[in-house]
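In: Fold the following for me, if possible:
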Amino acid sequence: MACSSLLPDGCTIGKLTVGKAWTAADNYCSGTVLHMIPSKLLVQTWRASAWPSTTPSSTVITQLLPRYQSPNETRVILTHYGVPAGEIAERIESGWMEYVFEPIRVYLKDEKSKRAKRSGRNMAHVEIPAVDPERAGAFYKEVFGWDVSKWAEGYWGFTSGPRDHEWGFVDGGFPQATPTKPIVDHTKYAALTPYYDAYPVEEFEEKVKKAGGKVLKPKSATPYGVIAECEDTEGNAFVLYQMKAE
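Out: The predicted structure follows:
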């Protein structure tokens, strides 16, 4: 028995072809395959039969990628775009978990990857104060590969990613520091300290130094992984974080 046979109505990647329409779960949903790379990627339209004809179809992108820090294992990343907001979106999210991912997990007898459902709102935007916003943007672009650009006069913004990573994504900017909005002195005040995904930590320590930042406390082990405390070109403290391998 293959895991794909657990999907509704035998709707499996192996039976789908580009341009072919499909239905599943007793016609609860339907769509068309837009793009496919066998064993790697599936892009398809998706809509529920109950949606009004004026509601455009959504898009589902399914990826098979090596598991973070465990290249011999595979992650299934499913991203559903364009779903009507509110109760409908919450119901569809629950459906994916109940009727697709949970049966696969049970079949594989996989309890290791099971985690509590995340709740609450996402962090949508974060600002890192800078004496020189353009210089700060260049630092984070060089160290972490962020997309940095001038969003408005005197304001440089960034987007981090990729969006298919299990840490998610967040965007933000580098507001100009002023006498009325100074950079926090971490020796005197408590302040927000961001932890950045950095694997392996020692590689990112070198990137920080090369980009003009400082490693304040070299890498050390914690119960949750490896960290290194650093400072960017503007004096902002941050932590490089390497998640502990499962």
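In: alpha carbons only for contacts and neighbour counts from here, please
Out: Will do.
In: low-scoring stretches of the chain, by residue?
Out: With pLDDT under 70 as the threshold, the chain has low-confidence stretches at 1-15, 67-71, 87, 110-125, 162-169, 179-191, 245-246.
In: So what sits opposite the residue nearest to Gly154 when sequence neighbours are not counted in the bridge?
Out: Excluding its sequence neighbours, the residue lying closest to Gly154 (C-alpha to C-alpha, 6 or more residues apart in numbering) is Gln176, at 7.1 Å. With DSSP bridges applied, the residues forming beta bridges to Gln176 are Ala130.
In: I'd assumed Val131 was in contact with Gln176.
Out: Yes - Gln176 lies in contact with Val131 (C-alpha atoms under 8 Å); the separation is 5.8 Å.
In: In the strand ranked longest in the chain, which residues are buried?
Out: When secondary structure is assigned using DSSP state E, the longest strand within the chain turns out to be strand 70-81. Neighbour-count burial for strand 70-81, with 16 or more other C-alpha atoms under 10 Å as criterion, is recorded at 78, 80.
In: packing partners for that strand?
Out: strand 58-67 (3 or more C-alpha pairs under 8 Å, 6 or more residues apart in numbering; DSSP states H and E).
In: Quick one: list the elements packing against the strand it packs on.
Out: Using 3+ C-alpha pairs under 8 Å, 6+ apart as the contact definition, the elements that strand 58-67 packs against are strand 41-48, strand 70-81.
In: Just send the ones you listed back as CSV, with distance to Glu205 too.
Out: Output for the helices and strands packed on strand 58-67, formatted as CSV (distance: least, C-alpha to C-alpha, whole Å):
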stretch, distance to Glu205
strand 41-48, 34
strand 70-81, 22
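In: Of all those, which one comes closest to Phe204?
Out: Phe204 lies closest, by C-alpha to C-alpha, to one member of the helices and strands packed on strand 58-67: strand 70-81, at 19.5 Å.
In: Who are the contact partners of Asp197?
Out: With contacts defined as C-alpha atoms under 8 Å, 6 or more residues apart in numbering, the neighbours of Asp197 are 240-243.
In: Format those as TSV; extra columns: secondary structure.
Out: What follows is those, written out as TSV (DSSP: H, G, I helix; E, B strand; the rest coil):
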residue	secondary structure
Leu240	strand
Tyr241	strand
Gln242	strand
Met243	strand
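In: Tell me the one of those nearest Met97?
Out: Distances from Met97 to those, taken as C-alpha to C-alpha, are shortest for Met243 (24.7 Å).
In: That closest one pairs with what?
Out: Once the bridges are assigned, which here means DSSP bridges, Met243 pairs with Gly225.
In: how much space between it and Asn72?
Out: Distance, Met243 to Asn72, by C-alpha to C-alpha, to the nearest Å: 17 Å.
In: excluding its backbone neighbours, what's nearest Thr159?
Out: Nearest non-adjacent residue to Thr159, counting by C-alpha to C-alpha, 6+ apart: Asp171, 4.2 Å away.
In: now swap in Lys244 and tell me
Out: The spatial neighbour of Lys244 that comes closest, neighbours along the chain excluded (C-alpha to C-alpha, 6+ apart), is Gly225 at 3.9 Å.
In: List the contacts of the one you found.
Out: 241-245.
In: Please apply the same query to Asp132.
Out: Neighbouring residues of Asp132 by C-alpha under 8 Å, 6+ apart: 176, 234.
In: Next: Ser58.
Out: Applying C-alpha under 8 Å, 6+ apart, the residues near Ser58 are 45-47, 80-83.
In: Glu98: which of those residues is nearest?
Out: Nearest to Glu98 among those is His80, at 15.4 Å by C-alpha to C-alpha.
In: residue contacts, Gly157?
Out: Contacts were defined as C-alpha under 8 Å, 6+ apart; by that measure Gly157 touches 137, 148-151, 171-174.
In: Thank you, goodbye.
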